[in-house]
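Trainee: Take this sequence and fold it.
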Amino acid sequence: MTALSRLKVFATHPHDCSYLEDQQATTLFVDPAAEMDSETYSQLSEMGFRRSGPHLYRPHCASCNACVAARIPVERFQPSRQQRRVWSRNRDLSVIGRHALDDDRYYTLYASYIEQRHRDGDMYPPSRAQFDAFLTAEWDITRYYCFELGDELLAVAVVDLMQGGLSAIYTFYEPALGRRSLGVYAVLWQIEEARRLGLPYVYLGYWIKQCPKMSYKVNYRPLELLINGRWVCVN
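Mentor: The predicted structure follows:
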């Protein structure tokens with residue numbers, strides 16, 4: 001195991017923020033050459049780090065603290081009425097866990113999702129190289145939960161299994177099925193999966209109040225936010 005005290009961390013030069021207009025961002029990255037395992041990854045998540053492809057990172061901006069790490073305490077989670085409806089609406093789906101996305105249908109769904117939902121984002125236009133680099137990791141901790149209706153693939157949730165919880169890396173789904181609220185259902189399913197595995201948290205990445213695409217995370221209550229180095233519960 002790599003001790004946290006021996007990990008090297010690097011900071012980027014200031015760059016345009018991906019979430020807030022007219023803001024400059026600085027990012028801390030854990031040395032990509034460092035040996036990584038589930039325990040170390042879990043400890044870094046406790047400190048607010050997040051995975052993107054092979055990189056573990058955390059915002060480290062000089063004049064902004066809008067990005068706040070968020071996690072759901074599984075045993076205390078109480079679904080809202082709307083979330084219970086979403087859960088019920090998708091009971092006809094089956095979920096299959098896979099170790100790799102090695103079929104063209106996964107990329108096809110991903111590309112459709114990016115093209116229809118995120119044309120204004122950094123991930124547009126989608127490419128196969130981007131798909132592979134963003135969603136895969138070499139630490140044997142990533143699972144791809146495929147939500148299917150019969151033989152039809154509707155959604156894929158990319159999830160990292162850590163000692164301290166599940167990390168919801170990314171979910172992509174069929175954009176035409178808005179009534180199913182597949183993004184919401186994928187989070188609810190991960191909460192139940194963490195409960196089944198006896199894991200205490202589902203990590204949701206960063207909550208950004210000023211960014212609509214990231215502010216939805218407060219809909220899962222109670223929610224814990226990492227503020228000034230401490231996890232604070234928001235009921």
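
Trainee: hey, let's count contacts and neighbours off CA atoms from now on
Mentor: OK.

Trainee: Which positions within stretch 86-100 qualify as buried?
Mentor: 86-87, 90, 95 (16 or more other C-alpha atoms under 10 Å).

Trainee: List of residues touching the longest helix seen in the chain?
Mentor: With residue count as the measure and DSSP state H as the assignment, the chain has helix 182-197 as its longest helix. Contact with helix 182-197 is made by 72, 74-75, 83, 86-87, 90, 155, 157, 165-166, 168, 171-173, 200-202, as judged by C-alpha atoms under 8 Å, 6 or more residues apart in numbering.

Trainee: Pull up the pairing partners for the helix or strand that it is followed by, direction included.
Mentor: The helix or strand immediately downstream of helix 182-197 is strand 201-207, counting by DSSP states H and E. Sheet partners assigned to strand 201-207 using DSSP bridges are listed as strand 68-73 (antiparallel), strand 165-173 (parallel).

Trainee: any idea how far residue 199 is from residue 86?
Mentor: Relative to residue 199, residue 86 is positioned 23 Å away (C-alpha to C-alpha, to the nearest Å).

Trainee: check contacts around the most centrally placed residue in the chain.
Mentor: Ranked by distance to the mean C-alpha position of the chain (C-alpha atoms, centre = their mean), the top residue is residue 169 at 2.7 Å. With contacts defined as C-alpha under 8 Å, 6+ apart, the neighbours of residue 169 are 51-52, 135, 157-160, 204-205.

Trainee: Just confirm residue 156 is within a strand.
Mentor: Yes: looking at residue 156 with DSSP: H, G, I helix; E, B strand; the rest coil, it is inside a strand.

Trainee: What separation is there between the closest residue to it other than its chain neighbours and residue 166?
Mentor: Once flanking residues are discounted, residue 156 sits nearest to residue 146: 4.6 Å by C-alpha to C-alpha, 6 or more residues apart in numbering. Using C-alpha to C-alpha, we find residue 146 at a distance of 16 Å from residue 166.

Trainee: Who has more neighbours out of the two?
Mentor: Neighbour count, other C-alpha atoms under 10 Å: between residue 146 and residue 166, residue 166 has more, with 26 against 23.

Trainee: who touches the more buried one in this structure?
Mentor: Residue 166 makes contact with 159-160, 190, 194, 199, 201-203, according to C-alpha under 8 Å, 6+ apart.

Trainee: same thing but 10 Å
Mentor: Contact partners of residue 166, counting by C-alpha atoms under 10 Å, 6 or more residues apart in numbering, are 42, 71-72, 141-142, 159-160, 190-191, 193-194, 197, 199-204.

Trainee: these two touch, right, the residue nearest to residue 156 and residue 98?
Mentor: Yes: at 7.5 Å, residue 146 counts as touching residue 98 under the criterion of C-alpha atoms under 10 Å.

Trainee: who touches both of the two?
Mentor: Counting by C-alpha under 10 Å, 6+ apart, the contacts common to residue 146 and residue 98 are residue 158.

Trainee: CA-only coordinates of the helix or strand bottoming out on mean pLDDT in the chain in PDB, if you can.
Mentor: Within the chain, confidence by mean pLDDT, DSSP states H and E is lowest for helix 212-215 among all helices and strands, at a mean of 83. Coordinates of the C-alpha atoms in helix 212-215 are reproduced here as PDB (Å, rounded to 0.1, in the frame of the first residue of the first chain):
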ATOM      1  CA  PRO A 212     -27.300  23.600 -12.500                       C
ATOM      2  CA  LYS A 213     -25.700  20.500 -13.800                       C
ATOM      3  CA  MET A 214     -23.900  19.900 -10.500                       C
ATOM      4  CA  SER A 215     -26.400  21.400  -8.000                       C
END
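
Trainee: Could I get the buried residue list for that helix?
Mentor: Residues residue 214 are the ones in helix 212-215 that count as buried (16+ other C-alpha under 10 Å).
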